[in-house]
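Asks: Could you look at this predicted model? Sequence included:
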Amino acid sequence: MKMISTMALAAALLAGSGVAPAAGKKEVPQPESATNFILSKQVRDSALAANLALKAGDLQAAGSAVAAVEASASNDSERFIAKTLRVKLLSKSPQNVQSMSALIKPLDELIVDPRTSKDDVARYNYTRGDIAYAQKLYARAAQYYIQARQNGLQDDELGLQVVRAYMEAGNVTAGAEALDGLIAAQVAAGKKPPESWYRFAAQRLRTKKAPEAVAWTGKWLAAYGTRANWHDAIAINGFKDEDESQLTPAERLERNRRFVDLLRLMRVTHSLAGQKEYTDYAKRANSLGLKDEARSVIEEGRASGAIPAKDTETTQILAQTGRPAAKGKAKAKPVPAAAAAAAPSDTAARKAKDGELAMQLGDVSIGQAAYAKAVEMYDLALEKTVKDTDTLRLHRGIAYALAGDKEKARSDFDAVTQSPVRETAQLWTIWLESPPAA
């Protein structure tokens with residue numbers, strides 16, 4: 001909560017202090033006005049005592065003195081002093097629901113009082129915005145923050161509060177535009193906007209399911225494309241918690257495909273985080289018949305130290321892919337006959353009436369880093385027709401991207417229309433534009 005200025009209070013006490021006129025001049029009483037305070041000696045003395053106690057941090061003594069001012073106030077000048085002191089006292093008191101509620105009435109009256117300086121009007125609006133925000137009155141909070149800015153108060157925190165209030169109120173477009181303005185101002189001043197600004201926008205817009213979420217994820221990763229941030233962006237935008245035991249075989253197949261596409265992106269951004277993700281990737285790839293991909297992921301995890309050499313689970317997966325455990329490694333259990341789907345042959349894919357086998361062979365080819373072959377098979381699949389053209393276009397786009405053909409990759413990613421495949425395609429598009437920092 002912003003501290004309240006003492007300038008108006010000091011000016012008021014001086015104006016009403018009864019300073020003697022210059023020698024030879026007769027004092028002419030002036031009527032009370034916004035610029036001429038009329039204060040009794042009792043109010044002036046109590047106000048000065050309250051001010052000294054507030055400066056000393058003696059809230060109990062300040063409370064007694066403020067109460068004396070309020071009890072003695074008999075005109076607008078004195079009531080203005082009383083409200084100003086009450087706001088100062090409450091602002092220094094421990095903040096809770098009761099103290100914030102008590103601030104509302106004096107602040108609202110001081111904001112419209114002609115005696116209040118423009119600087120204090122700005123500060124009071126800021127404080128009222130904080131109170132409204134705490135009360136979850138976000139649209140009202142945004143109005144107060146904007147009034148504070150219009151009255152001359154300028155700082156980054158105020159700008160961020162406008163953004164937060166807009167977004168919490170559901171006006172995510174206005175919030176995104178306000179943050180764009182803050183970032184542009186920082187850049188124009190030769191500063192790099194903080195990462196927290198981008199992260200906040202990307203994550204909050206995603207939570208609100210706003211269409212601007214993807215663009216802000218791209219801005220975040222373009223400005224701060226660390227491996228950790230890529231990991232978080234993929235996890236936040238892609239993975240969804242589900243009880244896999246309740247899924248049908250078709251649903252489990254779709255989920256494994258989607259997760260492999262996301263884990264592939266983590267792999268190319270070097271953001272796979274530890275043994276669990278390497279193992280999950282290999283397990284899901286193997287279940288889809290992508291044996292070479294599962295094997296290479298495990299070998300990469302072992303080489304990086306993420307997977308212990310004698311880890312039993314990944315050793316079993318290796319055995320399922322047809323690669324026996326190396327000497328000195330953990331021994332695998334017997335492999336069930338249908339542990340992983342078998343890859344289709346080129347001949348079978350070409351003879352098939354539909355494009356499903358060709359699409360499967362394209363997926364296998366990606367896992368083998370045979371990207372030209374993958375594209376060839378996806379083209380064949382499209383000619384023969386498949387049930388899921390969105391996933392096919394996503395996978396062909398991935399093949400193009402990994403082969404270095406950004407334009408064709410972007411064209412395929414842009415052609416994906418259905419969620420959740422579209423969200424995955426958007427993340428791959430961001431990688432095309434902003435690969436992670438080294």
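Replies: That came in fine, so what should we check first?
Asks: Can you tell me the element P211 falls in?
Replies: In the assignment (DSSP states H and E), P211 maps to no helix and no strand.
Asks: Can you tell me how far it is from F200?
Replies: 17 Å (Cβ to Cβ, to the nearest Å). In this view, the C-beta of every residue, glycine as well, is placed from N, C-alpha and C.
Asks: between the two, who's got more neighbours?
Replies: The residue with more neighbours, out of P211 and F200, is F200; 19 against 11, by other Cβ atoms under 10 Å.
Asks: Kindly indicate whether that one is helix, strand or coil.
Replies: Three-state call for F200 (DSSP: H, G, I helix; E, B strand; the rest coil): helix.
Asks: Beyond whichever strand or helix holds L89, next helix or strand please.
Replies: Here L89, judged by DSSP H and E, is contained in helix 76-92. If you walk from helix 76-92 toward the C-terminus, the next helix or strand you reach (DSSP H and E) is helix 97-112.
Asks: Please point out which parts of the helix or strand hosting A294 sit buried.
Replies: Per DSSP H and E: A294 is located in helix 291-304. Buried residues in helix 291-304, defined by neighbour count with 16 or more other Cβ atoms under 10 Å: 291-298, 300-302.
Asks: cool, and stretch 399-415?
Replies: Buried residues in stretch 399-415 (16+ other Cβ under 10 Å): 399-403, 405, 409-410, 412-413, 415.
Asks: which outside residues touch it?
Replies: 268, 362, 365-366, 369, 371-372, 374-375, 378, 393-394, 396-398, 425-426, 428-429, 431-432 (Cβ atoms under 8 Å, 6 or more residues apart in numbering).
Asks: Could you rerun that using 6 Å?
Replies: 366, 371, 374-375, 393, 396-397, 425, 428-429, 432 (Cβ atoms under 6 Å, 6 or more residues apart in numbering).
Asks: residue ranges with poor pLDDT in the stretch 201-350 of the chain?
Replies: Residues of the stretch 201-350 of the chain meeting the criterion pLDDT under 70: 240-243, 323-343.
Asks: how far off helix 97-112 does the helix holding L89 point, in degrees?
Replies: Angle of helix 76-92 versus helix 97-112, following axes from the mean of the first three to the mean of the last three Cα atoms, to 10 degrees, is 140 degrees.
Asks: CA-only coordinates of helix 76-92 in PDB, if you can.
Replies: The C-alpha coordinates for helix 76-92 follow below in PDB (Å, rounded to 0.1, in the frame of the first residue of the first chain):
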ATOM      1  CA  ASP A  76     -14.100  21.500   6.300                       C
ATOM      2  CA  SER A  77     -10.500  22.400   6.900                       C
ATOM      3  CA  GLU A  78     -10.400  20.600  10.200                       C
ATOM      4  CA  ARG A  79     -12.300  17.600   8.800                       C
ATOM      5  CA  PHE A  80      -9.800  17.400   6.000                       C
ATOM      6  CA  ILE A  81      -6.900  17.300   8.500                       C
ATOM      7  CA  ALA A  82      -8.700  14.600  10.500                       C
ATOM      8  CA  LYS A  83      -9.300  12.400   7.400                       C
ATOM      9  CA  THR A  84      -5.700  12.800   6.300                       C
ATOM     10  CA  LEU A  85      -4.300  11.800   9.700                       C
ATOM     11  CA  ARG A  86      -6.700   8.900   9.900                       C
ATOM     12  CA  VAL A  87      -5.500   7.600   6.500                       C
ATOM     13  CA  LYS A  88      -1.900   8.000   7.600                       C
ATOM     14  CA  LEU A  89      -2.600   6.100  10.800                       C
ATOM     15  CA  LEU A  90      -4.400   3.300   9.100                       C
ATOM     16  CA  SER A  91      -1.700   3.100   6.400                       C
ATOM     17  CA  LYS A  92       0.900   2.500   9.100                       C
END
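Asks: Please tell me how far A352 sits from L394.
Replies: Relative to L394, and taking Cβ to Cβ, A352 is found at 21 Å.
Asks: Name the residue in the two with the higher neighbour count.
Replies: Remark: of A352 and L394, L394 carries more neighbours, 23 against 16, as counted by other Cβ under 10 Å.
Asks: Please name the residues that touch that one.
Replies: 416, 421, 425.
Asks: try M377
Replies: 358, 361-362.
Asks: which one of those residues sits closest to N75?
Replies: G362 (85.6 Å; Cβ to Cβ).
Asks: what's the stretch of helix or strand that closest one belongs to packed up against?
Replies: Using DSSP H and E, G362 maps to helix 356-367. Applying 3 or more Cβ pairs under 6 Å, 6 or more residues apart in numbering; DSSP states H and E, we find helix 356-367 packed against helix 346-351, helix 371-384.
Asks: Quick check: buried residues in the host helix or strand of R44?
Replies: R44 belongs to helix 41-56 when elements are defined using DSSP H and E. Across helix 41-56, burial judged by 16+ other Cβ under 10 Å covers 43-51, 53-54.
Asks: what angle sits between that helix and helix 76-92?
Replies: Going by the same axes, to 10 degrees, helix 41-56 makes 20 degrees with helix 76-92.
Asks: average pLDDT for stretch 409-429?
Replies: Mean per-residue pLDDT for stretch 409-429: 95.
Asks: Can you get me the start-to-end distance on that stretch?
Replies: Start-to-end span of stretch 409-429 (Cα to Cα, to the nearest Å) is 8 Å.
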